[in-house]
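[1] how does the following fold in three dimensions:
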Amino acid sequence: MASKRDYYEILGLSKGATADEIKSAYRKLAKQYHPDINKDPDAPKKFEEIQEAYDVLKDDQKRQQYDQFGHAAFEQGAGGNPYGAGGFGGAGFNAEDLGDIFSSFFGGGRRSGRASSGPRKGEDTLYRIKIDFMDSINGRKITIPLSYDEQCPHCHGSGAESPSDVSTCPNCRGTGTVRTRQQTIFGTMESQGTCPSCHGTGKKVTKTCHECGGSGYKRIKKDIEVSIPAGISNGQQIRIAGKGDRGINGGENGDLYVEVQVKAHSSFKREGDDIHIEVPLSFVDAALGAEIEVDTVYGKVAVDIPAGTQPDAVLKLRGKGVKNLRNGNPGDQYLHMKLKTPEKLSRSQKQLLEQLREEMGGKKKK
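    Below is the predicted model:
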């Protein structure tokens, strides 16, 4: 028969470990190797080994016997199996310790009953709107229809006709939670849940508010005006405080976030705070240079095209981009030159081009 591992070694402790160190090591390892969490085939065996070591070392009397006689202290005829006849579900099993572990698996650890019965802010909500491209550049005001719950002005969210009509819940004694015991394959498990009598508020209302009927809130339908700031980008959000979901136990409402979706423009393309636009240019203006009018997001401007401008050249108009939301500084506008070749020429135009070709050493098409 294989010899058992040292209990201190199993928990990764020295013989001088304190009770708190033993408990902390056990919880850490139990979480790691619990069969419901760890699907490794060896996990059940390791978990049982960890539980057995803990059941001995947490008990001062058993630990003293183990320190003096080792595993022999608990062999048949010398005190029995400290783990109990039923394995880790036997008499040596500590339901509270494992209950803490399960709580941390599924609920992030235990919470105090008082915290659950206090006022809590409601959830934030999201509302999406579509605006035109130029509205995102210049800004505008829009109106959106909104429905939300507003705290009752009479009872201020308590649901009671008056403060004297609120008493402590007798079932949970004001904690908002109740503890229950349940027999499982692991032994007796103790869990904590919301009080079914007061639904977690910790209070009982003896006379309901005549304004809201005891709900603590009223349903509001109204149009909300939202200011769209100049320079807002696609996907950015505007926060409106207190217009989200209602709070819990008299807590304040969450916030409403209005997400802006910007429609594409037929000519302008935005990249950050910069604007890009394609500008058609005749080959004559490109060769000789010219002054042309181009569109910007702020209106038309005159632009000098330098002589000898090449196809796909990019010119920059400084300060003609979008104003930055934070500092108000504008980006730039970039002009992407697209050479335009005429499809039809008059006789005189052809003659002039032929003359130009000869002077440049070109040859006629045969």
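[2] which of the helices or strands spans D67?
    In the assignment (DSSP states H and E), D67 maps to helix 60-69.
[3] do I50 as well
    For I50, the element it lies in under DSSP H and E is helix 43-57.
[4] what comes up buried for that helix?
    Neighbour-count burial for helix 43-57, with 16 or more other Cβ atoms under 10 Å as criterion, is recorded at 43, 46-47, 49-57. In this view, the C-beta of every residue, glycine as well, is placed from N, C-alpha and C.
[5] likewise for stretch 9-16?
    Burial within stretch 9-16, assessed by neighbour count using 16+ other Cβ under 10 Å, is assigned to 10-11, 13.
[6] hey, which helix or strand in the chain has the poorest pLDDT?
    helix 113-117 (a mean of 47; mean pLDDT, DSSP states H and E).
[7] going along the chain from that helix, find the next helix or strand for me.
    Next element after helix 113-117 (DSSP H and E): strand 125-131.
[8] next SSE downstream of that next one?
    Counting by DSSP H and E, the next helix or strand C-terminal to strand 125-131 is helix 133-138.
[9] counting contacts, what elements does that following helix pack onto?
    Under the contact criterion of 3 or more Cβ pairs under 8 Å, 6 or more residues apart in numbering; DSSP states H and E, helix 133-138 touches strand 256-262.
[10] what is the strand it packs on packed up against?
    Packing partners of strand 256-262 (3+ Cβ pairs under 8 Å, 6+ apart): strand 125-131, helix 133-138, strand 140-151, strand 217-228, strand 237-240.
[11] distance-wise, check K31 relative to V56.
    20 Å (Cβ to Cβ, to the nearest Å).
[12] which residues touch the residue most central in space within the chain?
    In the chain, the residue lying closest to the centroid (Cα atoms, centre = their mean) is D124, at 11.1 Å. Counting by Cβ atoms under 8 Å, 6 or more residues apart in numbering, D124 makes contact with 244-245, 254-257.
[13] of those residues, which pair is most distant in space?
    By the measure Cβ to Cβ, D245 and Y257 form the most distant pair in those, at 12.0 Å.
[14] mutual contacts of those two, please.
    Contacts common to D245 and Y257, judged by Cβ under 8 Å, 6+ apart, are 124-125.
[15] contacting residues for P229?
    Going by Cβ under 8 Å, 6+ apart, P229 touches 139, 238, 325.
[16] closest one of the residues you listed to A230?
    Distance to A230 across the contacts of P229 (Cβ to Cβ) is lowest for G139, with 3.5 Å.
[17] the closest one - nearest residue in space that isn't next to it in sequence?
    Leaving aside its chain neighbours, G139 sits nearest to A230 (3.5 Å; criterion: Cβ to Cβ, 6 or more residues apart in numbering).
[18] the one you found: what's it in contact with?
    137-139, 323.
[19] one more: D312?
    D312 neighbours (Cβ under 8 Å, 6+ apart): 336-338.
[20] also Q349?
    Shown in contact with Q349 (Cβ under 8 Å, 6+ apart): P342.
[21] ok, G272 next?
    Counted by Cβ under 8 Å, 6+ apart, G272 has contacts G331.
[22] got TSV for the contacts of A230, with distance to R128 and neighbour count too?
    Output for those, formatted as TSV (distance: Cβ to Cβ, whole Å; neighbours: other Cβ atoms under 10 Å):
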residue	distance to R128	neighbour count
I137	20	22
N138	21	15
G139	18	15
K323	24	20
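[23] show me which of the contacts of P229 is closest to K344.
    Within those, the smallest distance to K344 is 45.0 Å, found for G139 (Cβ to Cβ).
[24] could you report the pLDDT at T18?
    We have a pLDDT of 90 for T18.
[25] ok, now R318?
    We have a pLDDT of 96 for R318.
[26] residues near it, how many?
    Neighbour count of R318, defined by other Cβ atoms under 10 Å: 9.
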